[in-house]
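Enquirer: please work out how this folds:
(one chain, ligands or ions: 1)
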Amino acid sequence: MTNQTSRPKVTVCRGIFPEVLAQLESVFDVVHNQQDDVWSAQELIERLQGQDGAFTTGSERISGELLQACPQLKICANMAVGFNNFDLPAMTAAGVQGTNAPDVLTETTADFGFALMMATARRVAESEHFLRAGHWTRWSYDMFCGSDIHGATLGILGMGRIGQAIAKRGFHGFGMKVVYHNRSRLAPDLEASCGAQYVDKATLLAQADHLVLVLPYSAESHHTIGAAELALMKPSATLTNIARGGIVDDAALARALRERQIAAAGLDVFEGEPSVHPDLLNVPNVVLTPHIASATLATRKAMAQLAADNLMRFFASGEVLTPVNTLAAR
Ligand code: 8YV
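Expert: Sure thing, here's the model as predicted:
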């Protein structure tokens, strides 16, 4: 469909794998950002004006204001499964196709969620800091005692593909009891494959020894875990967030950690990231990672390829592989 005179114009908003960029450059006129600058909202508008498509990551906010300023934009392909950076109603109203990058990151992200939960329960980061600081001078019977994963109760809030993959690890690999809460209950065969039992949110909070958050961010899920929810958890419990910043009230969590209302937390995502609430930096019983749950080379390449495939398919045929909105027929 594409030829030299009518090649669609596409902006790739962040640095990406050179081989994926090369594929895009073979069919589109590309504005790229291989220096990987983080553009302000105004700079993003300027780079998207006159462009037909955008390759975005979770860092680029596609707002109503941007869509108004860029009326020729037809598609935004997100290199992320989450798409809370899209104002989806505004995109749909403007006839802009949105796509995400699901499935290719499920197992990798579940691996990381499990790793972060284990590091949190077994105090891996805290004890490493102790060792590096030269404080390890002798063994003692209760030094860095944490809590068990095997046989414990794993609580999962948000039982989509990643939640189910974490549940399977816990149930089949570690003999955990798995309880979950989700907007909708899974079909019985899916519940059985995860060994998971559906409970209401209060029961989940009260029963979980290790609570993992894997729900999408939206206005409704803002501060799903705040002071009131933390108060329902066991003092011995851990909380792991690999979902999105804003699902947890970070100030309330820092307080709960400092006061040992819960034992520990593992956080890969933060409100206002890459800034991290200063109180979280000052409590020892938290493992902090910089939004890397999907970060293996193979998975990041698959995510970038899927976003690129969505763009190439769209401009070749009008179809996409992984839409997040449905446009009225044009
Ligand atoms: C991305 C993510 O690395 O896919 C998601 O939703 O949170 C991560 O895997 C990040 O959003 C960058 O696009």
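
Enquirer: where do the strands sit along the stretch 151-300 of the chain?
Expert: Assignment of strands within the stretch 151-300 of the chain using DSSP state E, counting those that start in this stretch yields the ranges 153-157, 177-181, 196-198, 210-213, 238-241, 264-267, 286-288.

Enquirer: now tell me what touches the last one from outside.
Expert: Under the contact criterion C-beta atoms under 8 Å, 6 or more residues apart in numbering, strand 286-288 has outside partners 116, 119-120, 124-126, 254, 257, 264-267, 276, 280-281. (Each C-beta comes from the backbone N, C-alpha and C, glycine too.)

Enquirer: buried ones among these?
Expert: 116, 119-120, 124-126, 254, 257, 264-267, 276, 280 (16 or more other C-beta atoms under 10 Å).

Enquirer: among the residues you listed, which are located in helices?
Expert: Residues of these located in helices (DSSP state H): 116, 119-120, 124-126, 254, 257, 280.

Enquirer: with distance to residue 308 and pLDDT added, can I get those residues in TSV?
Expert: Shown next, in TSV, are these (distance: C-beta to C-beta, whole Å; pLDDT from 0 to 100):
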residue	distance to residue 308	pLDDT
116	29	99
119	33	98
120	35	98
124	36	98
125	35	97
126	40	97
254	39	98
257	41	98
280	35	98
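
Enquirer: which one of the residues you listed sits closest to the ligand?
Expert: The ligand lies nearest to residue 116 out of these, by C-beta to the nearest ligand atom, at 13.6 Å.

Enquirer: ok, now how distant is the closest residue to the closest one other than its chain neighbours from the ligand?
Expert: Leaving out its chain neighbours, the residue that sits closest to residue 116 by C-beta to C-beta, 6 or more residues apart in numbering is residue 266, at 3.9 Å. Noted for residue 266: a distance of 15 Å to the ligand, by C-beta to the nearest ligand atom, to the nearest Å.

Enquirer: partner residues bridging residue 266?
Expert: residue 240, residue 287 (DSSP bridges).

Enquirer: what number of residues lie near the residue of the stretch 151-300 of the chain found nearest the ligand?
Expert: Nearest residue of the stretch 151-300 of the chain to the ligand (C-beta to the nearest ligand atom) works out as residue 294 at 3.2 Å. By other C-beta atoms under 10 Å, the residues close to residue 294 number 23.

Enquirer: now it. Nearest residue, chain neighbours left out?
Expert: Nearest non-adjacent residue to residue 294 (C-beta to C-beta, 6+ apart): residue 105, at 4.2 Å.

Enquirer: for that neighbour, phi and psi?
Expert: phi -110, psi 0 (degrees, to the nearest 10).

Enquirer: my guess is it meets residue 298, correct?
Expert: No - here residue 105 does not reach residue 298: they are 10.1 Å apart, not a contact under C-beta atoms under 8 Å.

Enquirer: the residue of the stretch 151-300 of the chain closest to the ligand and residue 301 touch, don't they?
Expert: No - shown here, residue 294 and residue 301 do not form a contact pair, counting by C-beta under 8 Å, at 11.0 Å.

Enquirer: got the contact list for the closest residue to the ligand within the stretch 101-250 of the chain?
Expert: Distances between the stretch 101-250 of the chain and the ligand by C-beta to the nearest ligand atom are smallest at residue 105, namely 5.5 Å. Each residue near residue 105 by C-beta under 8 Å, 6+ apart is listed here: 81, 162, 294, 299, 302-303.

Enquirer: report pLDDT for the most centrally placed residue in the chain.
Expert: Nearest to the geometric centre of the chain sits residue 243, at 4.3 Å (C-alpha atoms, centre = their mean). pLDDT recorded at residue 243 is 97.

Enquirer: ditto for residue 265
Expert: pLDDT, residue 265: 99.

Enquirer: tell me which residues touch it, please.
Expert: Counting by C-beta under 8 Å, 6+ apart, residue 265 has contacts 120, 238-241, 253, 257, 285-287.
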